[in-house]
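*Asks:* let's see this in three dimensions:
(one chain, ligands or ions: 1)
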Amino acid sequence: MRKQLILISDMEGASGIFDQHQKELLNGEDAWREQGREKMTSDILAVCDAANEFGIDEILYYDGHFAGNPEFNVIKEKLPSNVRYFDVPDRCFDWRRIRGQAEVEPFGLITVGQHARNGEKEAYFAHTIQSPPIKALLVNDLHVAEIGMAILNFQRVPYIANIGCAASEREALELSPKVKHISVKDKGQNWEPNAEETYPIIKKGVLEALENAHKAEPANITPPYHFKLDLCKYFYFKDPESFPWKGSFTEKVATWEAPSIEMGFELFHYVRENISISEEDKEKLIKERLAGTYDPME
Ligand SMILES: [Zn+2]
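*Replies:* Down below sits the predicted model:
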């Protein structure tokens with residue numbers, strides 16, 4: 001049977017990108033073009049090289065960092081010829097369009113360049129989709145960020161490996177306890193290797209994970225799906241006037257229920273449209289963030 005591997009990447013958890021390199025993450029900036037993309041490409045290439053050595057036929061790839069921008073965060077010319085890209089306009093998080101393009105039963109899924117969720121300790125660029133304003137997003141009590149979104153939208157697909165910041169391991173393991181985690185940086189241990197150093201670590205780890213793929217499991221989550229969105233300090237939900245809501249809004253928390261994960265995440269986009277902040281609080285937020293005193297978990 002043809003083996004199709006699903007690869008989903010973010011960038012905050014890429015090799016060699018530490019706190020002082022924030023500009024390398026800004027899609028379109030010079031630092032991103034010259035350094036960030038190179039580091040990211042090295043990680044993706046390590047996964048692809050391992051996959052091809054193992055005998056994967058096709059790698060179907062979604063580059064989700066800065067979704068909404070057309071430019072890729074990887075240098076496509078450097079990747080092997082059996083890498084195909086999900087066809088989504090401007091790389092938007094259109095999960096049904098993404099899931100629908102993959103095989104019904106792909107060989108498995110690997111996440112790369114992953115960062116930790118908002119609130120995780122000893123993490124590089126921890127956030128949940130966008131923090132602030134999002135403090136936490138829960139699906140059936142599981143705090144999901146970018147890794148969770150990818151894994152849950154590929155339900156029933158074995159989750160083989162996660163590569164990224166050491167602190168991203170917790171989310172990956174909560175989704176699927178058998179997933180193999182490969183760290184490329186660890187703030188707690190002050191381990192900051194460069195991309196040349198992590199390339200062989202990633203390649204070796206992914207190869208091992210692929211050889212053990214028969215033991216990998218998909219996320220264990222069953223309907224009905226209860227979603228809950230919590231907001232950071234200063235943000236609130238304005239009352240939606242006419243939304244046929246199967247859920248609730250309070251000032252800080254929205255809940256909704258959906259018969260499928262995909263629908264639940266689609267509703268999440270509508271819920272997000274109701275997030276608001278006053279002009280006065282916006283100024284406070286900017287000042288506190290500049291001073292480093294803003295706590296997105298407060
Ligand atoms: Zn990102």
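*Asks:* CA atoms for contacts and neighbours, from now on please.
*Replies:* OK.
*Asks:* near the ion, which residues of the stretch 51-200 of the chain show up?
*Replies:* His65 (Cα under 5 Å from the ion).
*Asks:* tell me the SS of the residue of the stretch 51-200 of the chain at minimum distance from the ion?
*Replies:* Taking Cα to the ion as the measure, the stretch 51-200 of the chain has His65 as its residue closest to the ion, at 4.0 Å. In terms of secondary structure, His65 is coil; the call rests on DSSP: H, G, I helix; E, B strand; the rest coil.
*Asks:* surely it meets Ala14?
*Replies:* No - judged on Cα atoms under 8 Å, His65 makes no contact with Ala14 at a distance of 10.9 Å.
*Asks:* the two: which is more packed in?
*Replies:* Legend: neighbour count by other Cα atoms under 10 Å for His65 and Ala14, higher for Ala14 (32 against 23).
*Asks:* which one is the more buried one nearest to, not counting chain neighbours?
*Replies:* Leaving aside its chain neighbours, Ala14 sits nearest to Gly113 (4.1 Å; criterion: Cα to Cα, 6 or more residues apart in numbering).
*Asks:* neighbouring strands of the helix or strand encompassing the one you found in the sheet, and parallel or not?
*Replies:* Secondary structure assigned from DSSP states H and E places Gly113 in strand 108-114. In the sheet containing strand 108-114, its partner strands are strand 4-9 (parallel), strand 159-165 (parallel), by DSSP bridges.
*Asks:* ok, then the element right after that strand?
*Replies:* Counting by DSSP H and E, the next helix or strand C-terminal to strand 108-114 is strand 134-139.
*Asks:* just checking, what packs against that next one?
*Replies:* Using 3 or more Cα pairs under 8 Å, 6 or more residues apart in numbering; DSSP states H and E as the contact criterion, the secondary-structure elements in contact with strand 134-139 are strand 225-231.
*Asks:* strands paired with the strand it packs on, and their directions?
*Replies:* In the sheet containing strand 225-231, its partner strands are strand 134-139 (antiparallel), strand 253-258 (antiparallel), by DSSP bridges.
*Asks:* residues making contact with the strand holding Gly113?
*Replies:* Judged by Cα atoms under 8 Å, 6 or more residues apart in numbering, the contacts made with strand 108-114 from elsewhere in the structure are 4-15, 40, 43-44, 146-147, 151, 157-165, 168, 213.
*Asks:* swap in 7 Å and give it another go.
*Replies:* Judged by Cα atoms under 7 Å, 6 or more residues apart in numbering, the contacts made with strand 108-114 from elsewhere in the structure are 5-14, 157-165, 168.
*Asks:* appreciated, that's everything.
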